[in-house]
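[1] next comes the sequence, and after it the predicted model I'd like to discuss.
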Amino acid sequence: MALHIPGRTWALLGCLAAAAKKQGVPLYAVGGCVRDWMLGRPVCDLDLVTEGDPAALARLCGRRLEAKAEAFGAFGTWRVKGRDWRVDFAAARQEEYPEPACLPQVRPAALELDLFRRDFTVNAMAARLEPQGAGAIVDPYGGRSDLDGRVLRVLHPASFRDDPTRVFRAARFLCRFDLRPAPGLLDLARAALRGGIAGRLSRHRLAAELLRVLGEVEPEAPLRRLRSWGYLELVFPDLPARVRGVDAAQRLGALALGLGEKGGEFVKSLPVEHALARSVSEAWRVARGKASPRTALPEQTARIVAVACPGLPPAALRPLLVSSADLRDAGLEPGPELGTLLDAAARAQWAGLISSRRDALAWLKRRVGGAA
């Protein structure tokens, strides 16, 4: 069965297919992009596999997208990130897992074995790209049948043993595509947890999977599934499945605040990008303190707090409207009393009792007496 690729996408892929044919290098679209084309969903992330070295094709793609083609990893893996596209290139390969939950060892292989290393049958399909269009679907493991039947099925019984992060992907795909688990899938996921295999996942891998879940359009449904399966506990004990916000940063902040006093520990435990961790930690600190900041909050931090704490007064996240100079003008000497009064002003501003400079001076006059 031939696959329809939207015209805008084919404008890029057709050029690559023509170059691949000229080089005598078979080129395939594989995995999620094939699945999403079948479902009629938009695709901006393309995974391309060659039975041969993809370096020249990656560089050509970079020129077409006016972006840099960067090599990373082993076995001819390249990435090109344009303004609207992310295109990954890899040579077909096979994977072996010397131990459960570890990163695999890879070696070159034919396309069918490359497809077999993937997570689910619906992601183990490919389409040969020719200059005239996509060729027939390569579907050795019944992915099209499972997609039509709305079933999510692992490729082999050891799949979750080899890579327990696939359980997190299962939760995402079941909810995103409205699929049902194939018979035995949940038993395999629970067995990987009971056997201690899932517990071997590194904090880096768990953090990456959590952020992918939080990046879903509707993340609460997969979070609830992961909690019911026992996998959310691997990320952090008692992690809630309730989030707010429109992006992963805001939702991560909501999780931290949902943990209460343990929220700071939760953020510290996640090896995420430094700027993200700093924004979420600061947002947690401000929200837990229920006090307006002394200086302007970074934009992302302010958004996280605003989303996690709906209904805040308009001035709650503005810099404190009372200054040390105001206190000195009111006759206070530098010392502990000054800091205590500034803290009280910050709490009053957070609560909506101070919403303007005029309110701030009136509040100060009431607290210390005399003119401010």
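    Looks like it came in fine.
[2] now stretch 344-363: buried residues?
    345-346, 348-350, 354-355, 359-361, 363 (16 or more other CB atoms under 10 Å). Every residue, glycine included, has its C-beta placed from N, CA and C.
[3] what's the burial count for residue 115?
    Applying other CB atoms under 10 Å, we find 25 residues neighbouring residue 115.
[4] what's the answer for the one 10 residues further on, then?
    A count of neighbours around residue 125, defined by other CB under 10 Å, yields 29.
[5] same question, residue 175
    Neighbour count of residue 175, defined by other CB under 10 Å: 20.
[6] same check on residue 72?
    8.
[7] against residue 145, how distant is it?
    According to CB to CB, to the nearest Å, residue 72 stands 34 Å off from residue 145.
[8] quick revisit: among the buried residues of stretch 344-363, which one lies nearest to residue 214?
    Minimum distance to residue 214 across the buried residues of stretch 344-363 is 26.6 Å, recorded for residue 350 (CB to CB).
[9] contacts only, for the closest one.
    290-292, 312-313, 316 (CB atoms under 8 Å, 6 or more residues apart in numbering).
[10] residue 55 now?
    Residue 55 neighbours (CB under 8 Å, 6+ apart): 71, 76, 78.
[11] run through the strands of the stretch 1-150 of the chain in chain order.
    For the stretch 1-150 of the chain, the strands defined by DSSP state E, counting those that start in this stretch occupy 27-30, 45-50, 69-71, 78-81, 86-91, 93-96, 105-108, 126-130, 133-138.
[12] and of those, who's closest to residue 325?
    Here strand 78-81 is closest among those (CB to CB), at 48.4 Å.
[13] can you show me the CA trace of that closest one as PDB?
    As requested, the backbone C-alpha atoms of strand 78-81 are provided in PDB (Å, rounded to 0.1, in the frame of the first residue of the first chain):
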ATOM      1  CA  TRP A  78      22.900  12.900  11.900                       C
ATOM      2  CA  ARG A  79      20.500  15.600  12.800                       C
ATOM      3  CA  VAL A  80      19.300  18.700  10.900                       C
ATOM      4  CA  LYS A  81      17.100  21.200  12.800                       C
END
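[14] packing partners of that strand?
    Contacts defined by 3 or more CB pairs under 8 Å, 6 or more residues apart in numbering; DSSP states H and E place strand 78-81 against helix 55-65, strand 69-71, strand 86-91.
[15] got the contact list for it?
    Outside strand 78-81, the residues that reach it (CB under 8 Å, 6+ apart) are 54-55, 58, 61-62, 65, 67-72, 86-90.
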